[in-house]
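> Kindly return the folded structure for what I paste below:
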Amino acid sequence: MTYLIDASIFIFRAWFSVPDTMTCPNDYPVNAVYGYTRFLSDFLESVQPDSVVAAFDESLDESFRCEIYPAYKANRDPAPEELKRQFAQCRAVTRSLGVNECSNSRFEADDLIGTLAGRAREAGRCVSILSRDKDLLQLLQVGDMMWDGSDKQIGHDDVPDIFGVRADQMVDYLALAGDSVDNIPGAPGVGAKTASALLQHFDSLDELYENLDSVENVNVRGAAKLGAKLEPYHDQVRMCRELTRIRFDVPLPDHDDILARQAPNLSALNTLYDDVGFGQSLRRQAQRIADSY
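Residues are numbered from 1 along each chain as shown. The predicted structure is shown next:
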């Protein structure tokens, strides 16, 4: 099994859950670093993976999705400087704990995870994606899972029970229903239930738009007029599909084996922990992780 970590999710979770009164000796907040380090250390100690990579997001300014749709994620406030500083520290902690990490200004962490998943499958491995982002469900194949780092897991075969569509249909599902979190408009008037009903009937977005006259036969409220409502938004929905589709062709860092876990660098880690003012608990845990490597 290869574990692919959507690192930004866990950094933001720590940023909002750990009080920002936690500061380093220079009085900078280190709450996100602490929460993320605790998460990653707990994961490494409990799972002891031999194949793991962490993918980080960079600024959206150069993202290819913003070229397609300038309003993509425009509803999000920019990260404050206090958090940007901690992102860099989290990447340093990741490397020092023996986990390869990567990012790309043109592509998001989702695309890196998609590309890494492809490489893992070439090596005959299933993947476990550590995230809570439903966009990533489209990557799941038989034997794969997504989990949020605690006890919530979604396997490939669980997706239809939760969303009413197969994992491979999630791209079209999100394109139709839209995603307010990412400011993706979708098709006006089409929500989650309608999107899943349409894809259960037509299987794909392309098949749907090739058979708009048959939408009246879909078991969904307002089906008689739904085809006519969808018709003028064909180009918009196709554009949304380009936004929701995860890429598999991101240039990866030039490592001999980016998927392989490395030995922790305790010297570098202790220096980092000195800088951020962490005590003995995380250091002892790092030693246990190193001893079990």
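> got the domain boundaries for the chain?
2-156+247-291, 162-244 (automatic domain parsing).
> Take these and write them to CSV, including mean pLDDT.
What follows is the domains of the chain, written out as CSV (pLDDT from 0 to 100):
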stretch, mean pLDDT
domain 2-156+247-291, 94
domain 162-244, 95
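> Mean neighbour count added to those domains, as TSV?
Heads up, the C-betas are built off the backbone N, CA and C, glycines and all. As requested, these are exported to TSV (neighbours: other CB atoms under 10 Å):
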stretch	mean neighbour count
domain 2-156+247-291	18
domain 162-244	18
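> what ranges do the strands span in this protein?
2-6, 52-55, 100-102, 127-130, 145-147, 153-155 (DSSP state E).
> ranges for the helices of this structure?
With helices called from DSSP state H, the chain shows them at 7-17, 31-47, 64-68, 81-96, 109-122, 159-163, 170-177, 192-202, 205-210, 223-230, 234-244, 266-276, 280-291.
> got the CA positions of the longest one in CSV?
Provided in CSV are the C-alpha atoms of helix 31-47 (Å, rounded to 0.1, in the frame of the first residue of the first chain):
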residue,chain,number,x,y,z
ASN,A,31,0.0,26.1,16.1
ALA,A,32,-0.3,24.7,12.6
VAL,A,33,3.2,23.2,12.7
TYR,A,34,2.5,21.5,16.0
GLY,A,35,-0.9,20.0,14.9
TYR,A,36,0.5,18.8,11.6
THR,A,37,3.6,17.4,13.2
ARG,A,38,1.5,15.5,15.8
PHE,A,39,-0.7,14.1,13.0
LEU,A,40,2.2,13.0,10.8
SER,A,41,4.2,11.6,13.8
ASP,A,42,1.2,9.6,15.0
PHE,A,43,0.6,8.3,11.5
LEU,A,44,4.2,7.2,11.0
GLU,A,45,4.4,5.5,14.4
SER,A,46,1.1,3.6,14.1
VAL,A,47,1.1,2.7,10.5
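> Can you list the helices and strands that that helix packs against?
If contacts are counted by 3 or more CB pairs under 8 Å, 6 or more residues apart in numbering; DSSP states H and E, helix 31-47 sits against strand 2-6, helix 7-17, helix 81-96, helix 280-291.
> Go through the ones you listed and name the closest to residue 41.
Evaluated over those, closeness to residue 41 peaks at helix 280-291, with 4.9 Å, by CB to CB.
> what does that closest one rub up against?
Applying CB atoms under 8 Å, 6 or more residues apart in numbering, the contact partners of helix 280-291 are 37-38, 41-42, 44-45, 97-98, 263-264, 266, 269-270, 273.
> do that again at 7 Å, thanks
Contact with helix 280-291 is made by 37, 41, 44-45, 97, 263-264, 266, 269-270, 273, as judged by CB atoms under 7 Å, 6 or more residues apart in numbering.
> Send me that helix as PDB with only the CA atoms.
Provided in PDB are the C-alpha atoms of helix 280-291 (Å, rounded to 0.1, in the frame of the first residue of the first chain):
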ATOM      1  CA  GLN A 280      10.400  16.300  24.600                       C
ATOM      2  CA  SER A 281       7.200  14.500  23.700                       C
ATOM      3  CA  LEU A 282       7.500  14.900  19.900                       C
ATOM      4  CA  ARG A 283      11.300  14.300  20.200                       C
ATOM      5  CA  ARG A 284      10.800  11.000  22.000                       C
ATOM      6  CA  GLN A 285       8.100  10.000  19.400                       C
ATOM      7  CA  ALA A 286      10.600  10.800  16.600                       C
ATOM      8  CA  GLN A 287      13.200   8.600  18.300                       C
ATOM      9  CA  ARG A 288      10.600   5.700  18.400                       C
ATOM     10  CA  ILE A 289       9.800   6.300  14.700                       C
ATOM     11  CA  ALA A 290      13.500   6.200  13.900                       C
ATOM     12  CA  ASP A 291      14.000   3.000  15.900                       C
END
